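*Asks:* pasting the structure only:
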């Protein structure tokens, strides 16, 4: 799957991923009204509104981008109906040949970790049959519990040709409370990065990149430069672009000299673009067109920064 992701990045010339992280407040009123007219102001109605919102954004952007990243918490808040919308979103994106990164941030040990891995990336046995549960292409994983929590995911990825992004240095302001703490003179995030590189060496794709990648926030460009050297063969998923403050010029060091090695996420900066002054001309009725324009602007920003850095 890492090879497919790289091929799609090269084809689209867009090392970006659209974060499908919908809050109900992002969904235009006309979409909500239609869903509520059919299902009432219920969890099912909210889930329908989210699904229709996602579908329009995907329809307007899928030809420009290699991948999407739905954040499962935004769906879980609506309970079982929300998870159904999550699954419909995953399936629809895959029908458009998009790579799907399930932002699930799971991390546990033993049979629990194995069950998470099977549910999201593998196949579960039911009698004489097997079924893919959520069936994302990649998943984000929290490594806090150590190798016991990560190995089951790696095993399933090997079986199913899928991939991982391990949390290494996250984009949030308080990430340093733990991640920057020094152990034997090195910050914890660097030690985690070394472990990701070690896991990755054992699981390389034909592209020369491992299917064991890392999450490193755009809001920490200096750390990103360090971690790029620590994990030369790991793809880096870079959150924090746009709404959290990251700019194209901050991201150059996340990439390798081949122009690959990183994929940059923007969520509300794209899916709620119509709410921004720069895209207000589209209006809520044409929110999908606003999202497309935001994608085009993001691609131009990142490609411009990479070209200038050569």
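*Replies:* Okay, I see it. Everything quoted here is computed from the prediction, not taken from an experiment.
*Asks:* what about the strands in the stretch 101-250 of the chain?
*Replies:* 123-126, 129-132, 138-141, 163-169, 182-183, 186-187, 210-216, 234-238 (DSSP state E, counting those that start in this stretch).
*Asks:* can you put the ones you listed in TSV and add mean pLDDT?
*Replies:* Putting those into TSV (pLDDT from 0 to 100) gives the following:
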stretch	mean pLDDT
strand 123-126	96
strand 129-132	97
strand 138-141	98
strand 163-169	97
strand 182-183	96
strand 186-187	96
strand 210-216	96
strand 234-238	96
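*Asks:* closest to residue 37 out of the ones you listed?
*Replies:* strand 129-132 (33.6 Å; C-beta to C-beta). Just so you know, the C-beta spots here come from the backbone N, C-alpha and C atoms, and that holds for glycine as well.
*Asks:* quick one: pLDDT of the residue positioned nearest the centre of the chain?
*Replies:* Nearest to the geometric centre of the chain sits residue 69, at 3.5 Å (C-alpha atoms, centre = their mean). Residue 69 is assigned a pLDDT of 98 by the prediction.
*Asks:* ok, now residue 219?
*Replies:* 87.
*Asks:* Might one say that it is in contact with residue 176?
*Replies:* No: taking contacts as C-beta atoms under 8 Å, residue 219 lies outside contact range of residue 176: 10.9 Å.
*Asks:* In terms of packing, which of these two has more residues around it?
*Replies:* residue 219 (21 against 16; other C-beta atoms under 10 Å).
*Asks:* Relative to residue 268, how far out is that one?
*Replies:* 15 Å (C-beta to C-beta, to the nearest Å).
*Asks:* One more: residue 32?
*Replies:* In terms of C-beta to C-beta, residue 32 sits 17 Å off from residue 268.
*Asks:* next one: residue 3
*Replies:* Taking C-beta to C-beta as the measure, residue 3 falls 30 Å from residue 268.
*Asks:* Would you mark the buried spots in the longest helix anywhere in the chain?
*Replies:* The residue-count maximum for a helix in the chain (DSSP state H) belongs to helix 287-309. Residues 287-295, 297-299, 301-303, 305-306 are the ones in helix 287-309 that count as buried (16 or more other C-beta atoms under 10 Å).
*Asks:* by how many degrees do it and strand 234-238 diverge?
*Replies:* In terms of direction (axes from the mean of the first three to the mean of the last three C-alpha atoms, to 10 degrees), helix 287-309 departs from strand 234-238 by 130 degrees.
*Asks:* how far is helix 287-309 from where the chain is centred?
*Replies:* On the basis of C-alpha atoms, centre = their mean, to the nearest Å, helix 287-309 sits 17 Å off its chain's mean C-alpha point.
*Asks:* Show me what residue 100 bridges to in the sheet.
*Replies:* Using DSSP bridges, the beta-bridge partners of residue 100 come out as residue 68.
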